[in-house]
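Chemist: any chance you could fold what I've pasted below:
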Amino acid sequence: RERTHGDGIGALCGRPPRDDCVAHQDVLFRAFVKEELPEPTFLEAMQHVADSGILGDADDVMDLAHITYDNVKQDILFGPLRGDILDVEHAATIRKWTLDDTEP
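Modeler: Next up is the predicted model:
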């Protein structure tokens, strides 16, 4: 699928089926849970997804991840998330997976 500017990471999975993306995420992160590995940072987790190739070009995936991370960091330092109990890692994860253009 050709990616256009403004597509979210989830949009790279294609539509439908959404279930394929969910299944890939389960496989990708199973080792972190089974082996009780330390929780990856947001960017480490996104790099893991990018390297898998399931969402298309790894550089595009990471570009979008860095944009999300930087925007959340600014919101925590100066914007609407200032004083929030979440740190940038957790807030970036929530934002990425709840963006309007992210599936699933």
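Chemist: wait, residue 47 sits on residue 62?
Modeler: Yes. Look at residue 47 against residue 62 with C-beta atoms under 8 Å: they come within range, at 6.5 Å. (C-beta placed from N, C-alpha, C; glycine too.)
Chemist: what about the helices in this protein?
Modeler: All helices of the chain, identified by DSSP state H, fall at 18-34, 42-52, 58-78, 88-98.
Chemist: could you dump those into a markdown table and include mean pLDDT?
Modeler: As requested, the helices of the chain are exported to a markdown table (pLDDT from 0 to 100):
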| stretch | mean pLDDT |
| --- | --- |
| helix 18-34 | 64 |
| helix 42-52 | 90 |
| helix 58-78 | 95 |
| helix 88-98 | 92 |
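Chemist: got those as JSON lines, with mean neighbour count columns?
Modeler: Converted to JSON lines, the helices of the chain look like this (neighbours: other C-beta atoms under 10 Å):
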{"stretch": "helix 18-34", "mean neighbour count": "13"}
{"stretch": "helix 42-52", "mean neighbour count": "17"}
{"stretch": "helix 58-78", "mean neighbour count": "16"}
{"stretch": "helix 88-98", "mean neighbour count": "17"}
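Chemist: count of residues packed around residue 84?
Modeler: 13 (other C-beta atoms under 10 Å).
Chemist: tell me how far it lies from residue 39.
Modeler: 19 Å (C-beta to C-beta, to the nearest Å).
Chemist: how about residue 45?
Modeler: Residue 45 is 8 Å from residue 39, by C-beta to C-beta.
Chemist: what do you get for residue 71?
Modeler: 21 Å.
Chemist: ok, now residue 48?
Modeler: 12 Å.
Chemist: can you check residue 58 too?
Modeler: In terms of C-beta to C-beta, residue 58 sits 22 Å off from residue 39.
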